[in-house]
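Trainee: Fold the following for me, if possible:
(one chain, ligands or ions: 1)
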Amino acid sequence: MPVFVIEVLGSSVASGIIDNSDLIEETVVDEKVEDKVTSLKMTRHQKRKIDETHVEGHEELDAASLRENEEFTKVNNIATIELGRYEIETWYFSHFPPEYNDCVKLYFCEFCLNFMKRKEQLQRHMRKCDLKHPPGDEKYQCSTLSMFEVDGKKNRVYGQNLCYLEKLFLDHKTLYYDVELFLFYVWCECDDRGCHMVGYFSNEKHSEESYNLACILTLPPYQRKGYGKFLIAFSYELSKKEGKVGTPERPLSDLGLLSYRGYWTRVLLDILKEHRGNISIKELSDMTAIKAEDILATLQSLELIQYRKGQHVI
Ligand SMILES: [Zn+2]
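Mentor: Predicted coordinates:
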């Protein structure tokens with residue numbers, strides 16, 4: 001049984017967190033922010049409005065241009081990255097600064113996430129980089145695993161590097177530059193060489209739509225270890241601590257929706273199994289910090305709920 005050093009997670013959730021689940025990763029945001037200067041002057045809500053307008057503008061493109069555009073977004077310039085002891089094949093296109101256009105491989109410092117074109121540059125960097133873990137506070141520790149909270153405002157470059165890295169593995173998430181609006185929860189496996197990032201999620205500090213998770217990723221070498229499920233559980237524990245309900249930012253990828261459906265189903269069925277007597281969706285929501293709409297959709301997909309006489313009945 002793991003020892004929970006910092007009391008962030010409730011034991012009922014924590015005890016089931018790190019298991020062999022093959023649930024995975026990756027949810028998502030759909031932020032399309034291309035103009036760095038403008039982005040700093042707008043709220044994310046305003047940006048979403050503009051993005052929607054941009055998307056509508058696509059209707060004017062003919063089908064061929066759209067296909068071309070789609071193809072472009074899938075072309076992968078950076079084919080592999082080196083991160084810590086892993087060489088990892090990338091999955092998707094990520095907009096790196098223009099000076100990296102001719103690179104097919106990038107070398108990342110696994111601690112500060114600075115990236116370089118050549119191995120020798122990385123080796124030089126590693127001799128002087130004094131970080132041995134993400135640049136934030138350790139919020140939770142369990143055995144050799146640690147969660148660090150990195151404030152995008154205090155660690156802007158780290159946040160941006162993380163976004164570059166993440167886009168290599170997420171399809172419809174586009175890079176955002178307003179990292180100061182986010183907290184990044186970076187999950188690490190630790191040993192005597194330092195804390196090695198295995199995955200993370202981002203969390204908008206002040207979400208108007210009660211989003212408790214913007215983006216989530218488990219790096220490919222660490223997938224299928226239950227880390228994705230852990231990250232989702234952690235995001236809900238943060239919501240509980242704040243006394244709020246939360247929901248992931250939409251749209252969700254197919255894989256993201258599957259992971260969330262799995263999490264919601266497990267948490268709700270665990271409660272319903274033990275519960276005697278009536279229970280309302282509001283009560284379920286208060287207990288789990290899962291938004292009522294998500295509870296309703298999950299119970300409906302399990303065919304556990306009916307609509308009778310103007311009321312939902314489980
Ligand atoms: Zn470094």
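
Trainee: contacts and neighbour counts: CA atoms only from here.
Mentor: OK.

Trainee: ok, now which ones touch whatever residue of the chain ends up closest to the ion?
Mentor: Closest to the ion within the chain is C112: 4.1 Å, counting by CA to the ion. If you count contacts by CA atoms under 8 Å, 6 or more residues apart in numbering, C112 has them with 129, 131, 133-135, 158.

Trainee: Three-state assignment for it, please.
Mentor: Under the three-state scheme (DSSP: H, G, I helix; E, B strand; the rest coil), C112 adopts coil.

Trainee: still on that earlier bit, and the ion, which of the contacts of C112 reach it?
Mentor: With CA under 5 Å from the ion as the criterion, the members of the contacts of C112 in contact with the ion are C129.

Trainee: Got a ChimeraX select line for the buried ones in the contacts of C112?
Mentor: With 16 or more other CA atoms under 10 Å as the criterion, this ChimeraX line picks the buried residues out of the contacts of C112:
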select :133,134,135,158
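
Trainee: and the contacts of C112 as CSV, adding distance to I216 and pLDDT?
Mentor: Listed next are the contacts of C112 as CSV, based on distance: CA to CA, whole Å; pLDDT from 0 to 100:
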residue, distance to I216, pLDDT
C129, 26, 97
L131, 23, 97
H133, 19, 98
P134, 16, 98
P135, 19, 97
Y158, 16, 97
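
Trainee: in which helix or strand would I find W187?
Mentor: Element membership of W187 [criterion: DSSP states H and E] is strand 182-191.

Trainee: re the thing from before, look at the residue of the chain closest to the ion and report its pLDDT.
Mentor: Looking at C112, its pLDDT is 98.

Trainee: ditto for the one 5 residues further on
Mentor: In the predicted model, K117 carries a pLDDT score of 96.

Trainee: go on, Q306?
Mentor: Q306 is assigned 70 on the pLDDT scale.

Trainee: Count the neighbours of it for me.
Mentor: Taking other CA atoms under 10 Å as the neighbour definition, Q306 ends up with a count of 12.

Trainee: buried set for the helix ranked longest in the chain?
Mentor: Longest helix in the chain by number of residues, with DSSP state H as the criterion: helix 254-274. Counting neighbours by 16+ other CA under 10 Å, one finds that the buried residues in helix 254-274 are 256-261, 263-265, 267-268.

Trainee: same check, this time on stretch 99-117
Mentor: So stretch 99-117, judged by 16+ other CA under 10 Å, has buried residues 100, 105-117.

Trainee: Now for this protein, the helix or strand with the poorest mean pLDDT.
Mentor: Here the helix or strand of the chain ranked lowest by mean pLDDT, DSSP states H and E is helix 36-41, holding a mean of 32.

Trainee: how about the residues of the chain near the ion?
Mentor: Checking the chain against the ion by CA under 5 Å from the ion, the hits are 109, 112, 129.

Trainee: Identify, from the residues you listed, the entry nearest to L168.
Mentor: Of all these, L168 sits closest to C109, with 15.8 Å by CA to CA.

Trainee: right, and the closest one touches F115 too?
Mentor: Yes: counting by CA atoms under 8 Å, C109 does reach F115; the two are 6.3 Å apart.

Trainee: tell me, what's touching those two both at once?
Mentor: Both C109 and F115 are contacted by L122, under the criterion CA under 8 Å, 6+ apart.

Trainee: related to what we said a few turns ago, I'd like the next helix or strand past the strand holding W187.
Mentor: Reading on from strand 182-191 to the C-terminus, the next helix or strand found by DSSP H and E is strand 194-204.

Trainee: Okay, now the unreliable bits of the stretch 51-200 of the chain?
Mentor: In the predicted model of the stretch 51-200 of the chain, residues 51-76, 173-177 satisfy pLDDT under 70.

Trainee: For it, which segments count as helices?
Mentor: Defined through DSSP state H, counting those that start in this stretch, the helices belonging to the stretch 51-200 of the chain, from first to last, are 63-74, 119-128, 156-167.

Trainee: I'd like to know how many residues surround R276.
Mentor: Neighbouring residues of R276 were enumerated by other CA under 10 Å; the total is 8.

Trainee: can you pull the contacts of G243?
Mentor: Taking CA under 8 Å, 6+ apart as the criterion, G243 is in contact with A289.
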